[in-house]
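Engineer: this one's structure only:
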């Protein structure tokens, strides 16, 4: 419904509600529809760009500003923008003043005022009343007793811990139910996030991964001190090798790369 609209659109929700994921999903669907889009963060929009063509060209790196504007004039370009509320108001006004037929803006953020002509969508949380039906639809081997216990666990946890009732917390609790056997312990938000990272990186108990979770997390912690959005495979391999030698790990750089390819933590191209 959002992608089918032709207006600028602002999507509002609280933290951990899936805003960034939704933008990435929009980009995937737009690509499947053979439509061009770029994904921008608030840090890339601290001031009004010299031109929207330059903004698009800088993100794509294969079009000149003139080509980007010509392309937009023909079929249009979608600007997917995260953290709209962190962008200066003058830049927000400039974005929403663009012709949506050429440069359509789809942005996410916490609730802020936007011009009247901008379509607004609110992500308000998860509809808990639909949880039993969703659980029953799962193809699990544990049967009805497990589903009833999982539903009770999720409702009890949300009540006792005051965790936000959003897709993130509930999805991780469902993972806990699926993998936790017969006993479910009430998690904290920190534990849910840690479990999410563990699921993303691959636990050492899962046979499809070679390197254990703690080792990969240790490497990523080292890497996080030198944040880069892009690096060459050779540079990535050099840092991995240095980490392995310093820590005396038995795994090779290829073992790490193989695991990272499966987990989706990095995009290799």
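Structural biologist: Nice, I can see it. Note that the coordinates shown come from a computational prediction; the quantities given were computed from them, not determined experimentally. Numbering: from 1, shown residues only.
Engineer: Would you confirm that residue 18 contacts residue 168?
Structural biologist: Yes. Contact criterion Cβ atoms under 8 Å: residue 18 and residue 168 qualify, at 6.6 Å. C-betas here are computed from N, CA, C, even on glycine.
Engineer: correct me, but residue 67 touches residue 60?
Structural biologist: No. Applying Cβ under 8 Å as the test, residue 67 and residue 60 come out as separate, 9.3 Å apart.
Engineer: quick one: low-confidence ranges for the stretch 101-250 of the chain?
Structural biologist: 125-126, 135-145, 178-190, 192-193, 195-196, 198-208, 225-228 (pLDDT under 70).
Engineer: Stretch 258-269: end-to-end distance?
Structural biologist: 14 Å (Cα to Cα, to the nearest Å).
Engineer: buried set for the helix or strand harbouring residue 92?
Structural biologist: Element membership for residue 92 (DSSP states H and E) is helix 89-96. Residues of helix 89-96 classed as buried by neighbour count (16 or more other Cβ atoms under 10 Å): 91-92, 94-96.
Engineer: Contacts for it, please.
Structural biologist: 8, 45-48, 79, 81, 84, 87, 105, 107, 114-115, 117-118 (Cβ atoms under 8 Å, 6 or more residues apart in numbering).
Engineer: Enumerate the helices of this structure by residue range, in sequence order.
Structural biologist: Using DSSP state H, the helices of the chain run over 19-32, 52-60, 65-74, 89-96, 131-137, 143-161, 167-179, 189-201, 213-224, 233-247, 253-263.
Engineer: Now the buried members of the contacts of helix 89-96.
Structural biologist: Looks like the contacts of helix 89-96 have 8, 45, 79, 81, 84, 87, 105, 107, 114, 118 buried, using 16+ other Cβ under 10 Å.
Engineer: Narrow these to those in strands?
Structural biologist: 79, 81, 105, 107 (DSSP state E).
Engineer: just to revisit the earlier point, just name the closest of the buried ones among the contacts of helix 89-96 to residue 37, please.
Structural biologist: Taking Cβ to Cβ as the measure, residue 37 lies nearest residue 79 of these, at 7.4 Å.
Engineer: wait, isn't the closest one in contact with residue 102?
Structural biologist: No. Judged on Cβ under 8 Å, residue 79 makes no contact with residue 102 at a distance of 10.4 Å.
Engineer: ok so, going back, and the helix holding residue 92 with helix 52-60, angle?
Structural biologist: Helix 89-96 runs at 90 degrees relative to helix 52-60, counting by axes from the mean of the first three to the mean of the last three Cα atoms, to 10 degrees.
Engineer: thinking again about what came up before, between the helices of the chain, which one is closest to residue 4.
Structural biologist: Nearest of those (Cβ to Cβ): helix 19-32, 10.5 Å.
Engineer: Please identify the buried residues of that closest one?
Structural biologist: Within helix 19-32, the residues scored as buried using 16+ other Cβ under 10 Å are 19, 22-23, 26-27, 30.
Engineer: Grab the two from those that are most spread out in space.
Structural biologist: Between any two of the buried residues of helix 19-32 (Cβ to Cβ), the greatest distance is 16.7 Å, for 19 and 30.
Engineer: Now for the contacts of helix 89-96: which two are most distant?
Structural biologist: 46 and 117 (24.5 Å).
Engineer: rewinding a little: I'd like the buried residues of helix 89-96 laid out as a markdown table, including distance to residue 3 and pLDDT.
Structural biologist: Formatted as a markdown table, those follow (distance: Cβ to Cβ, whole Å; pLDDT from 0 to 100):
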| residue | distance to residue 3 | pLDDT |
| --- | --- | --- |
| 91 | 24 | 95 |
| 92 | 21 | 94 |
| 94 | 23 | 94 |
| 95 | 18 | 95 |
| 96 | 18 | 95 |
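Engineer: Could you dump these into TSV with distance to residue 230 added?
Structural biologist: Below are the buried residues of helix 89-96 laid out as TSV (distance: Cβ to Cβ, whole Å):
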residue	distance to residue 230
91	24
92	27
94	27
95	25
96	29
